[in-house]
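Visitor: Model the structure of this input:
(2 chains)
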Amino acid sequence: MKLFLFIFFIFSPNTFASLGDTGSEMVAQIVSDPARFFYEIKADSEESLPVSSGKTYTLSVELFPTLVPFTYANASLNYNIYKEGKLSANMPQIDLMIGAQYMFGSKIAVNLTNDINDANFWGYDAGVMFSNSFNSRTRTFYGYRHSFLSAKLDLKKDKNYELLGVRINSFDSSFSENSIIFGVETLKDINKYWAMQINYGFSNNTLAARLSWYGKWFELGFNIYPEGVLVVHPTWSLRLGF
Amino acid sequence: MRFFYIFALLVFLSPCLYSEISIVDYNGDVKFRKNTFSEWESVNEKNMVIPDGGAVKTDTNSKAKLLVNKSTVWLKENTALEIESTSEYFTSLGLVYGKIKASSFGLAKNSRFQIRTITAVFGIRGTDIMIVGDINGKVLIDVLFGEVDFEYAIPPKTGKRSFIITQGMYFSIEDLEKPYKMGLISKEYENEILSNWDPSISSDDLSKNLYEMDNRMRRLRSFVLYSKALNNDLKKFIYKEREIDFEAGRTLKDIHGNTVRVDQRLLRPDEKSLELFNIVKRKNYSDYSYSSSYSSGLPGFKYNGGGVTNRLDSFIITFNFNKPLPDNVNKWSSYFNDDFVRPEWITFVSADITSANNLFFAAKAYKYNEQRDELVNNTEVVGVFPESDNEVVLTGIIDKSSLKDITGFRFIADNISSPDGRLVLKDLNGNPTSSQIGNSIWGLKTSASSDNYCDNRFCQMKSDQYKIGDNNSSGYFWLSEEDYLISNSGSIREKDALLDSNKNIGELVKDNSFESVIYVKKDSGGFISDDDYFAGHHNIDIIIIPDIPFYLFDKTLDAYNRWKN
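Guide: Residues are numbered from 1 along each chain as shown, chains lettered A, B, ... in the order given. Have a look, this model is predicted:
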């Protein structure tokens, strides 16, 4: 149980500063809508950049924070089905996006402790992305994505668990979101880009902004969830183009 | 017969597979030849077709534009281009020397459009590119849009033989013995590619594309600036909204260990009024007793209600001013600094609103007294004169719609000449009507009271006796309060710890709440009874998060000091 809670909150800004009232409030927020909190962690791993010029598909794996510390095994694939300008100068590039996530740490926690009956977190996303060149170095992109997360945690009924004063029993919920994505990508050097984008989820009125820098191998960035429990998520992912 | 059909099919399809290159426009001295062995001839007319194996060249101050399928190739002056193949699926042109621009679209699947130089072959895919080459093997390619497959004509000794040059990049070979160079396309070359290369274009239209691109860039910059501004506005809005949500919404534990959701909203019931609405939601409200630690060891008050589900309590403060409030919150500060602005009345209403038809409330009201130039809470608030200067409290059981009559100061004592404690609605002139406000009463504070304070914690147990109405025959009740300053985890704040903390006032506001448990008890021979005055209505348990009050206090501090004086 402690391990499980540890991986939930180790990177909470309040963990090291003060496990006090703010932490308690955050936990209460998470407990009141756990799927949404874990959705934001999962959403970090969702690839939402167009396939780079010269590539056919992009494979990405979010290393932080989705894989470490939240133990979400994750992979996203963006496949280019149409190159910009191939048939017509005004027709945008079209990419298909799919991704899947599974929190293997939840199963480890179940096996390591007698306090948890069951825990299961998994999700997927799929969408389509369009991109247009504004000039030789700048592309705008826009698209749609559907995301889903299932979150289930079942603690032993005979024990009362409290974390920072908030009682945790069990939850079994899911979070589904349909988002539209807008963004701009700029080529800064050979194989070096930066991009900014805004994702608006119209099913649950979620808003996220993403700022990222990426090259041949890795992508670094910040995901901002203004209404999330953790507002700013620094991210680091492996991103390969083929 | 079968061979005949195949032959006929091939004949039928052959026009589809065949394509040709033609000089659609030219300017100056442009020459062509039909094959390697023929002589150069001058181009005399537009739309002249050049067969495979032919070539086109331009002299000084000459330009040409060629079209093959949907792709276009422009030749600048002193350029020579060989036509190697122009089939539907394979178009190959050879740049001998000079400068060309190529724009290819609509290539069929598996088809290839390539431009070959002495050094390399460039496979072009949906792109705008510029290639400069000479007969010594020097070559420069700038890829404006799309991508280009690059392949060395003669494989290098080391390194890759082929790769992709993506848009926004240039690639150059200065010397075959030296490594190639690659980098971002320069602005100068980008502008050159974007300019109109059509041979017969007027000088005015020469940079039309460039202007268009500049326009697009300006629009993009405007868009980015607009997005940034919008983003900032959105952030402000979101953070403002979030701030309000945070101020207005907090999940915490109360003094009894119940998980509580507190929502707070600042409303404007009318142009002269402000209402701070604090709603307290508990999924489960557990039973408690004197023996619990929640009253911090002090003798709290008897709770007769037991466990309750879906409990709802509220605390509403309503201010009414003599002048309309500004629409813009930022102007409030100057509004409250106006010496002529003063509150007409204020009501503080606490209520258990779990049952919409049987709301249990306790309230205090203040009215501005012009002679005394201060807010008073005496019998004047219920319209009883000459006023008795003791504190007045309102309480009772009412329905949901009547709650507005209490918060909106629309009440007055019934039978003003000999008030028995009943409250009725007042009319527009301030006179009592016959409409009684539920089972509501008002009481005048007596001298009987008790106060117990915790030693080193922010809590108190307070109880005051009230005479019902202002005659001696209606009896008494007791208004009792347990007041706590609590953390978000429900523990009572210790004075020393709070005062010694290094937190600023803003952090303290967000980390703390006030909890007040209010009881209305029967009187028992001049002492408080354990029995509730209103049977079946046991307590009002409110939690006030101080965020919006703090914000308001901050905005109205000057005025508050003035009114206080």
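
Visitor: Which strand residues bridge B:Glu482?
Guide: When bridges are called by DSSP bridges, B:Glu482 pairs up with B:Met461, B:Val517.

Visitor: Next one: it from B:Lys462, what distance?
Guide: B:Glu482 sits 8 Å away from B:Lys462, going by Cβ to Cβ, to the nearest Å. To be clear about C-beta, it is placed using only N, CA and C from the backbone, and glycine gets the same treatment.

Visitor: The residue nearest to B:Gln465 when sequence neighbours are not counted: helix or strand, and which one exactly?
Guide: Distances taken as Cβ to Cβ, 6 or more residues apart in numbering or on different chains put B:Ala448 closest to B:Gln465, at 3.8 Å, once the chain neighbours are dropped. In the assignment (DSSP states H and E), B:Ala448 maps to strand B:432-453.

Visitor: For that strand, list every residue counted as buried.
Guide: Across strand B:432-453, burial judged by 16 or more other Cβ atoms under 10 Å in any protein chain shown covers B:432, B:436-446, B:448, B:452.

Visitor: Pipe these into CSV and attach pLDDT and distance to B:Lys283 per row.
Guide: Shown next, in CSV, are the buried residues of strand B:432-453 (pLDDT from 0 to 100; distance: Cβ to Cβ, whole Å):
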residue, pLDDT, distance to B:Lys283
B:Pro432, 87, 42
B:Gln436, 89, 35
B:Ile437, 92, 31
B:Gly438, 91, 28
B:Asn439, 92, 29
B:Ser440, 93, 29
B:Ile441, 93, 32
B:Trp442, 93, 34
B:Gly443, 93, 34
B:Leu444, 91, 39
B:Lys445, 91, 36
B:Thr446, 90, 39
B:Ala448, 86, 38
B:Asn452, 82, 31
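
Visitor: from those, which single one is nearest A:Val61?
Guide: When the buried residues of strand B:432-453 are compared for distance to A:Val61 (Cβ to Cβ), B:Asn452 comes out closest, at 62.2 Å.

Visitor: Okay, helices next: where are they in chain A?
Guide: Taking DSSP state H, the helices of chain A run over residues A:2-9, A:13-17, A:21-32, A:34-44, A:104-112.

Visitor: among those helices, which gets the worst mean confidence?
Guide: Per-stretch mean pLDDT for the helices of chain A is lowest at helix A:13-17 (a mean of 38).

Visitor: Next, the contact list for A:Asp95, please.
Guide: A:Pro50, A:Val51, A:Asn78, A:Tyr79, A:Asn80, A:Ile81, A:Val128, A:Met129, A:Phe130, A:Ser131, A:Gly143 (Cβ atoms under 8 Å, 6 or more residues apart in numbering or on different chains).

Visitor: Narrow the residues you listed to those that are buried.
Guide: Here, 16+ other Cβ under 10 Å leaves A:Pro50, A:Val51, A:Asn78, A:Asn80, A:Met129, A:Phe130, A:Ser131, A:Gly143 buried among these.

Visitor: I figured the fourth one hits A:Tyr57, correct?
Guide: Yes. With contacts counted by Cβ atoms under 8 Å, A:Asn80 reaches A:Tyr57, the gap being 6.2 Å.

Visitor: Give the residues shared as contacts by the two.
Guide: In contact with both A:Asn80 and A:Tyr57: A:Val51, using Cβ under 8 Å, 6+ apart.

Visitor: about what we covered before: any chance of the buried ones among the contacts of A:Asp95 in a markdown table, with distance to A:Asp44 too?
Guide: Formatted as a markdown table, those follow (distance: Cβ to Cβ, whole Å):
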| residue | distance to A:Asp44 |
| --- | --- |
| A:Pro50 | 18 |
| A:Val51 | 20 |
| A:Asn78 | 16 |
| A:Asn80 | 23 |
| A:Met129 | 17 |
| A:Phe130 | 23 |
| A:Ser131 | 21 |
| A:Gly143 | 17 |
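
Visitor: just the contacts of A:Asp95 that are near chain B?
Guide: Among the contacts of A:Asp95, proximity to chain B is found for none (Cβ under 8 Å from any Cβ of the partner chain).

Visitor: which residues of chain A score low on pLDDT?
Guide: By pLDDT under 70, the low-scoring segments of chain A are A:1-33, A:157-171.

Visitor: Could you report the neighbour count for the residue lying closest to A:Ala119 once chain neighbours are set aside?
Guide: Nearest residue to A:Ala119, sequence neighbours excluded (Cβ to Cβ, 6+ apart): A:Ser106, at 3.7 Å. Counted with other Cβ atoms under 10 Å in any protein chain shown, residues neighbouring A:Ser106 total 24.

Visitor: now swap in the one 5 residues further on and tell me
Guide: A count of nearby residues for A:Asn111, using other Cβ under 10 Å, gives 9.

Visitor: Contact partners for it?
Guide: Shown in contact with A:Asn111 (Cβ under 8 Å, 6+ apart): no residues.

Visitor: And it, how far from A:Phe104?
Guide: From A:Asn111 to A:Phe104 the distance is 11 Å (Cβ to Cβ).

Visitor: Kindly report the same for B:Ile23.
Guide: Distance, B:Ile23 to A:Phe104, using Cβ to Cβ: 65 Å.

Visitor: Please say which of the two ends up with more neighbours.
Guide: Applying other Cβ under 10 Å to B:Ile23 and A:Phe104 shows that B:Ile23 carries more neighbours, namely 21 against 13.
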